[in-house]
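1. What would the 3D arrangement of this be:
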Amino acid sequence: DAAEKPDCIGLDRNTFRNILHTTFGMTDDMIMDRVFRAFDRDNDGHVSVTEWVTGLCVFLRGNLEEKMKYCFEAYDLNGDGFISREEMFHMLKNSLLKQPSEEDPDEGIKDLVDITLKKMDYDHDGKLSFADYEQAVRDEGLLLEAFGPCLPDPKKHLEFEAQVFKDPHDL
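-> Numbers count the residues shown, from 1 in each chain. Sure, this is the predicted structure:
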């Protein structure tokens, strides 16, 4: 019955990804998909106005705790509460530039996953819990986006806010 389910009002996946690309300079398809999922809290395939505003609060102005939760959720591809070795491999393989070389590129990525686990896996269980990730980011802030850029580039962030919040009297 149409009265029970109103038409979905909001941004569909393609429109949302287009905004991420054109406004915030994001180019990684997998990361853009993860950002969409983080914004789409009710998982209905659309980002509603409320979800957009709530998501932007963290995306643009979140404190470290909020940003860590958001990034961890984006990196936890299967939603099981851990970033596994396989998830790290998949994200790093996807986000790193392909270097022409004789060596198997997957080997270099596996080495990078091993290095990452040595650095971030505090309880040595072979995967990252949120506690591991949080401790690693608190020890080294650059690890916040260790598996791909899921927050806006600072320059694009400032351009967006300058455009959205410009004084109408300046037009």
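
2. where in the protein is pLDDT low?
-> Flagging of the chain using pLDDT under 70 yields the residue ranges 1-8, 97-103, 168, 170-171.

3. got the domain boundaries for it?
-> For the chain, whose domains are defined here by automatic domain parsing, the residue ranges read 1-61, 63-150.

4. what's the span of the longest one, first residue to last?
-> So that's domain 63-150. 15 Å (Cα to Cα, to the nearest Å).

5. ok, now stretch 142-159?
-> Comparing the first residue of stretch 142-159 with its last one, the separation is 22 Å (Cα to Cα).

6. starting at the chain centroid, how far to that stretch?
-> Averaged C-alpha coordinates place stretch 142-159 at 9 Å from its chain's average position (Cα atoms, centre = their mean, to the nearest Å).

7. ditto for stretch 59-72
-> 10 Å.

8. wait, what's in contact with the residue positioned nearest the centre of the chain?
-> What sits nearest the mean C-alpha location of the chain, by Cα atoms, centre = their mean, is residue 150, with 3.0 Å. Listed by Cβ atoms under 8 Å, 6 or more residues apart in numbering, the contact partners of residue 150 are 31, 34, 35, 38, 70, 71, 74, 75. C-beta coordinates here come from the backbone N, C-alpha and C atoms, glycine included.

9. circling back: for residue 169, find the nearest of the domains of the chain.
-> Ranking those by proximity to residue 169 (Cβ to Cβ) places domain 1-61 first, at 23.8 Å.

10. mind checking the longest helix of this protein?
-> For the chain, the helix that runs over the most residues, judged by DSSP state H, is helix 105-120.

11. And that helix, what does it pack against?
-> The contact analysis (3 or more Cβ pairs under 8 Å, 6 or more residues apart in numbering; DSSP states H and E) places helix 105-120 against helix 85-95, helix 130-139.

12. Quick one: closest of those helices to residue 64.
-> Taking Cβ to Cβ as the criterion, helix 130-139 is the member of the helices and strands packed on helix 105-120 that comes nearest to residue 64, at 7.5 Å.
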